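Student: Predicted structure and sequence below. I'll ask about it afterward.
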Amino acid sequence: MSTIAPVAGPAPARPGIGTFERYLTIWVALCIVAGIALGHLLPGLFASIATAEVARVNLVVAVLIWLMIIPMLLKIDFGSLGSVRQHWKGVGVTLFINWAVKPFSMAALGTFFIGYLFAPLLPAGEGPSYIAGLILLAAAPCTAMVFVWSNLCEGEPTYTLSQVALNDVLMVFLFAPLVALLLGVASVTVPWDTLLLSVVLYIVVPVIVAQVIRRGVLASGGKPALDRLLARLGPVSLVALLATLVLLFGFQGEQIIAQPLVIALLAVPILIQVYLNAGLAYWLSRRFGVAWCVAAPAALIGASNFFELAVAAAISLFGLKSGAALATVVGVLVEVPVMLSVVSIVKRSRGWYERGATA
C-alpha cells in the first residue's frame, strides 16, 4: 500500500512515511462519511454493484483489491529468501508471533470482548460475523506498510525484506487452513470453496502477476525503472483502498448510523492484540539476543496486519454488508496511529533493549 519501495544494500535510504499515508486514518474517516452519505443518496447504484458477482466474488471489489495488492507485491523480491539465514533468530520470533500467536490471540480476544463482554451493546446476531472479521484480520501478516515502519525505526532492511517475502510464501499455504480452523472454533460455517477461491484470487494470482511484472521491468530498465513504476502505482493502490472503503460503508451505513458504538467496540480487541504481539515479539527478541535493528521491525511485523487481504476475504466469504467486512475495515482505521505509536515505543526503548540483549 505504500509508495515507498524497500531497498537492500549496505547503505539503504530511510525515507519517512508519506503525507498521504501519515493521514490515512483521516482519509478512512472521510470515506466512512462519504460512503454512508452516498449509500443513502444513491441506493440503486450500490444495489447494482452488490449484484455484480461471479461465484460469490464481487467483480467491482475484486478489481479494486487487485489494484491495491499488486503494487505492494511488486516490492517483494523473493530472491531475498536466501538471506533469511543471516537473521534466523529474528525470523523465528516473527514466524512464531505471526502464525502461532497472533491469529489465536485475536480469536480469544474477539470471543471475549465481542462474543461476551460487548455482546449486549452490539446488533443482535452479528457477534460471530464480527469475530470472523477480526480473525481474518489477524491471520495474514502485513506486507507493504511494514517497510514504512521498518524505515521509521531504522530497522535492518535485509531482514525486513526477507521476512516479508517468507510470510508471503507461507500465506499461500497457511492462510486458508488457519482461517478455517479458527472460524470453526468461533462457530462460523466455513465455505471452503469460497475461501480457497479467495486465496487464489487475492494471494496466488497477485503474487504471480506482480513477480512477472517485476522481473520484466527489472530486465528492461533495472532498479530505477522499478522505482519509477512503484512511485506511479503507489497512489493507485491507495485510491483503490479508499474506493473499496467507500463501497463498504455505503452498504454498512444504516447499521453504523443505528449503532455508532460498533466501530469503537471492534477497535478494542484490535488495539490490545497489536500491543500484545508487538510487546511479545520485542521481549522474545531481547531474550534471544537479537540485534535491536532486527528486533524493532520484528515487533512491527509481528503486530501489523495485511488488512487489504482481510477486507477482500471478508467480502468474498460473508458479503459487502457483513459484520466481518466492517470489522476488517476497523483495522484499516486504527492501523496508522497505532503502528506509529509502536514505532515510537521501540525507538524510545532502544537503550533498555540493548542493555538487556548485551547482558
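Tutor: The structure has been received and is ready for your questions. All values derive from a computational prediction rather than experimental measurement. Numbers count the residues shown, from 1 in each chain.
Student: Please, where are all the strands along the stretch 51-200 of the chain?
Tutor: Secondary structure of the stretch 51-200 of the chain by DSSP state E, counting those that start in this stretch: the strands cover 53-54, 57-58.
Student: Can you give the strand pairings for the first one, parallel or anti for each?
Tutor: To tie it back to what came earlier, the one meant is strand 53-54. If you go by DSSP bridges, strand 53-54 pairs up with strand 57-58 (antiparallel).
Student: Next, work out how far apart the residue nearest the centre of the chain and residue 137 are.
Tutor: For the chain, the residue nearest the mean C-alpha position is residue 306 (1.8 Å; CA atoms, centre = their mean). Counting by CB to CB, to the nearest Å, the separation of residue 306 from residue 137 is 9 Å. For every residue, glycine as well, the C-beta is placed using N, CA and C.
Student: now residue 159
Tutor: For residue 159, the distance to residue 137 equals 24 Å [CB to CB].
Student: which of these two has more neighbours?
Tutor: residue 137 (32 against 28; other CB atoms under 10 Å).
Student: Is it correct that that one is in contact with residue 325?
Tutor: No - counting by CB atoms under 8 Å, residue 137 does not reach residue 325; the two are 10.9 Å apart.
Student: Quick check: which of the strands of the stretch 51-200 of the chain is buried the most?
Tutor: Mean neighbour count, computed with mean count of other CB atoms under 10 Å, is highest for strand 57-58 among the strands of the stretch 51-200 of the chain, reaching a mean of 20.
Student: returning to that earlier point: got any residues that touch both of residue 137 and residue 325?
Tutor: Counting by CB atoms under 8 Å, 6 or more residues apart in numbering, residue 137 and residue 325 have no contacts in common.
Student: which of the residues in stretch 207-218 are buried?
Tutor: Buried residues in stretch 207-218, counted by 16 or more other CB atoms under 10 Å: 207, 210, 213-214, 217.
Student: In the stretch 201-350 of the chain, where is pLDDT below threshold?
Tutor: By pLDDT under 70, the low-scoring segments of the stretch 201-350 of the chain are 252-256, 258-259.
Student: Give the rounded mean pLDDT of stretch 72-83.
Tutor: What stretch 72-83 shows for mean pLDDT is 74.
Student: just checking, next helix/strand downstream of the longest helix seen in the chain?
Tutor: As assigned by DSSP state H, the longest helix anywhere in the chain is helix 205-258. Beyond helix 205-258 on the C-terminal side, the first helix or strand identified by DSSP states H and E is helix 261-287.
Student: out of the buried residues of stretch 207-218, who's nearest residue 45?
Tutor: For the buried residues of stretch 207-218, the minimum distance to residue 45 (CB to CB) is 31.1 Å, reached by residue 210.
Student: which residues touch the residue lying closest to that closest one once chain neighbours are set aside?
Tutor: Spatially, and ignoring its direct neighbours in sequence, residue 210 is nearest to residue 73 (3.6 Å; CB to CB, 6 or more residues apart in numbering). Residues in contact with residue 73 (CB under 8 Å, 6+ apart) are 143, 168, 206-207, 210-211.
Student: Distance from the chain centre to the longest helix of the chain, please.
Tutor: Its chain's C-alpha centre and that of helix 205-258 lie 13 Å apart, by CA atoms, centre = their mean, to the nearest Å.
Student: Would you mind measuring from residue 64 to residue 245?
Tutor: Residue 64 sits 10 Å away from residue 245, going by CB to CB.
Student: what residues does stretch 122-137 touch?
Tutor: Contacts to stretch 122-137, defined as CB under 8 Å, 6+ apart, come from residues 103, 106-107, 109-111, 114-115, 119, 179, 182-183, 186-188, 255, 258-259, 262, 265-266, 269-270, 305, 307, 310, 313-314, 317-318, 322-328, 331.
Student: try 7 Å
Tutor: If you take CB atoms under 7 Å, 6 or more residues apart in numbering as the criterion, stretch 122-137 is touched by 103, 106-107, 110-111, 114-115, 119, 179, 182-183, 186-188, 255, 259, 262, 265-266, 269-270, 305, 307, 310, 313-314, 318, 322-328, 331.
Student: Would you mind listing the buried residues in that stretch?
Tutor: For stretch 122-137, the neighbour count (16+ other CB under 10 Å) marks 122, 126-137 as buried.
Student: can you put those in JSON lines and add pLDDT?
Tutor: JSON lines is the format used below for the buried residues of stretch 122-137 (pLDDT from 0 to 100):
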{"residue": "122", "pLDDT": "88"}
{"residue": "126", "pLDDT": "85"}
{"residue": "127", "pLDDT": "89"}
{"residue": "128", "pLDDT": "91"}
{"residue": "129", "pLDDT": "91"}
{"residue": "130", "pLDDT": "94"}
{"residue": "131", "pLDDT": "94"}
{"residue": "132", "pLDDT": "93"}
{"residue": "133", "pLDDT": "93"}
{"residue": "134", "pLDDT": "95"}
{"residue": "135", "pLDDT": "94"}
{"residue": "136", "pLDDT": "92"}
{"residue": "137", "pLDDT": "91"}
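Student: can these go into TSV with extra columns for distance to residue 53?
Tutor: Below are those laid out as TSV (distance: CB to CB, whole Å):
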residue	distance to residue 53
122	27
126	22
127	26
128	22
129	18
130	23
131	24
132	19
133	19
134	24
135	23
136	19
137	23
